[in-house]
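Trainee: here are the coordinates; sequence isn't available:
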Ligand code: AQP
């Protein structure tokens with residue numbers, strides 16, 4: 001059985017970048033894979049988090065998983081910190097990772113750039129990410145553009161461990177999504193749409209109201225050419241909007257280009273906002289129903305129990321292979 005592990009960090013309010021690059025894909029993958037979807041709260045704290053916000057965002061991500069259409073009877077949903085094996089294997093993975101290879105991770109360079117104080121966990125977190133994946137013997141991991149390097153490290157660590165000790169870990173393959181793998185900021189198409197961007201016009205939040213979505217899309221940067229054409233090299237801002245349109249409408253890039261051929265950006269942007277709103281409204285309704293419910297608590301408790309069973313089996317095997325005394 002093909003198995004997938006993935007998650008969305010509760011490091012801010014979820015926006016349509018995380019939806020296009022992850023959540024939307026999670027929903028469709030549950031039909032073809034055995035899925036483990038988690039909430040990587042331990043990753044969120046690699047940068048400072050307000051405790052109240054971390055608490056709320058973690059529940060939010062869980063609620064969005066359900067609201068977007070993930071079936072908890074099919075996929076296992078859990079919070080990372082509820083399964084202690086992650087931290088334990090994370091440490092063991094740190095012992096396998098070389099300082100030099102961790103030092104080459106471009107995301108650390110980007111995320112630490114300009115900060116006065118940087119936690120050492122931000123530097124070592126790719127080892128924890130490797131543990132997340134390897135604990136579940138995931139055969140496949142969906143990766144957005146910025147996570148490719150970390151998955152490569154996971155594969156290297158799995159292979160290194162397997163050849164140094166004993167073959168314990170499945171070496172995971174990436175699933176590279178073509179459309180939606182890198183949704184850029186509405187204010188600047190050279191920067192990924194990110195939860196932690198302080199500019200609220202750079203993203204559409206999953207919980208934004210229709211009037212705010214219309215406003216943000218109408219103000220999104222474009223260019224002076226006035227043709228709806230998909231061409232990342234010459235028209236990145238418009239290509240980004242076309243890609244968002246495609247994610248939310250399910251239409252292909254070609255269909256969108258031909259639908260708006262010979263028209264300016266006005267009608268295109270207006271319809272884009274409506275396409276987003278149409279998709280988000282039922283998700284928002286379900287989110288509000290479930291976010292503070294006992295149903296969600298139960299889903300996460302059951303998910304953690306199931307995840308812990310799978311994870312501890314792998315952890316024990318890895319520890320035995322390394323020579324730890326286990327009973
Ligand atoms: N803008 C995006 N376009 C495409 N994919 C995206 N993802 C996130 N933003 C975009 C993908 O979603 C998955 C979960 O990401 P994450 O939330 O765990 O981490 P992140 O990529 O660091 O997200 P942010 O929004 O940029 O958060 P901050 O600002 O807190 O670091 C990943 O597969 C990611 O690629």
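Mentor: Alright, I've got the coordinates. Please read all numbers here as calculations on a predicted model, not as lab measurements.

Trainee: tell me which parts of the protein are close to the ligand?
Mentor: 8-9, 11-12, 17-18, 20-22, 143-144, 146-147, 180-183, 192-196 (Cβ under 6 Å from any ligand atom). For every residue, glycine as well, the C-beta is placed using N, CA and C.

Trainee: of the residues you listed, which belong to helices?
Mentor: 17-18 (DSSP state H).

Trainee: give the buried residues for the helix or strand harbouring residue 64.
Mentor: In this structure, residue 64 sits in helix 51-68 according to DSSP states H and E. Buried positions in helix 51-68, judged by neighbour count with 16 or more other Cβ atoms under 10 Å: 54, 57-68.

Trainee: what about the residue in the stretch 101-250 of the chain that the ligand sits nearest to, neighbour count?
Mentor: The stretch 101-250 of the chain approaches the ligand most closely through residue 144 (2.1 Å), counting by Cβ to the nearest ligand atom. Counted by other Cβ atoms under 10 Å, the residues lying close to residue 144 total 20.

Trainee: contacts only, for it.
Mentor: 21-22, 177, 181-182 (Cβ atoms under 8 Å, 6 or more residues apart in numbering).

Trainee: quick check on it: phi, psi?
Mentor: phi -70, psi 170 (degrees, to the nearest 10).

Trainee: can you give me the strands in the protein?
Mentor: 3-7, 34-39, 76-79, 140-143, 173-176 (DSSP state E).

Trainee: which outside residues touch the first one?
Mentor: With contact meaning Cβ under 8 Å, 6+ apart, strand 3-7 is reached by 22, 26, 29, 33-40, 61, 80, 132-133, 136-142, 172, 175.

Trainee: picking that back up, give me the lowest-pLDDT entry from the contacts of residue 144.
Mentor: Among those, residue 177 carries the weakest pLDDT, at 80.

Trainee: what's near enough to touch that one?
Mentor: 21, 25, 142, 144.

Trainee: state the pLDDT value of the last one.
Mentor: It refers to residue 144. 77.

Trainee: and if you look at the second one?
Mentor: Here, the pLDDT recorded for residue 25 equals 93.

Trainee: okay, now it: neighbour count?
Mentor: If we define neighbours as other Cβ under 10 Å, then residue 25 has 20 of them.

Trainee: great, nothing more from me.
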